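Undergrad: Pasting the sequence and the predicted coordinates here, then a few questions.
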Amino acid sequence: MISVLTRVTEAHVTVDGETVGSITCPDTRGILALVGVGREDAEDAWETTARKIAELRILPDEKSVTDVGAPVLLVSQFTLMGRTAKGRRPSWSDAAPGDVAEPVIEKIAAYLRDRGITVEQGSFGAMMKVHSVNDGPFTVLVES
């Protein structure tokens, strides 16, 4: 599983011009989490990823989402699993199929919500437009 976590002041996702998920957090900041689920991920990879989203100290003053009650916009992004070592066309063979990946994304969202975190989501499998105002910019790559 590969995730890109970006500290944002606001972010939203639209599908066909309609907003399906949105966070605004100019004071505390929030996290835009792009998550790619892999075909060969360990059984507990989703939990490690969810815990990192909640607990990494990447907000101002070395705080975490959990520390300050910051919101998260969670977006599934299979293209993070693309292999580009050979040729000019990425290989998507490492990405989990939709029927495997979607429940994993839902587990991550449920885990975060169970911890009291506000979670907005993209629309799984849809062609989405992701808009964000990065703070910093501050972006980290999480592999689990």
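TA: Noted; the coordinates are in hand. Here the structure is a predicted model, which means the values were calculated and not measured. Numbering: from 1, shown residues only.
Undergrad: From D44, how far out is the spatially most central residue of the chain?
TA: Central residue of the chain (C-alpha atoms, centre = their mean): A33, 2.2 Å from the mean position. Going from A33 to D44 by C-beta to C-beta, to the nearest Å gives 18 Å. In short, each C-beta sits where N, CA and C put it, glycine included.
Undergrad: before we move on, what about G21?
TA: 26 Å.
Undergrad: more neighbours, those two?
TA: G21 (20 against 10; other C-beta atoms under 10 Å).
Undergrad: for this structure, longest helix please?
TA: Looking across the chain with DSSP state H, the single longest helix is helix 98-114.
Undergrad: what about the strands in the protein?
TA: With DSSP state E as the criterion, the chain has strands at 2-15, 18-24, 30-36, 72-76, 119-121, 129-143.
Undergrad: For G98, find the nearest of those.
TA: Nearest to G98 among the strands of the chain is strand 72-76; the distance by C-beta to C-beta comes to 9.0 Å.
Undergrad: Perfect, I'm done here.
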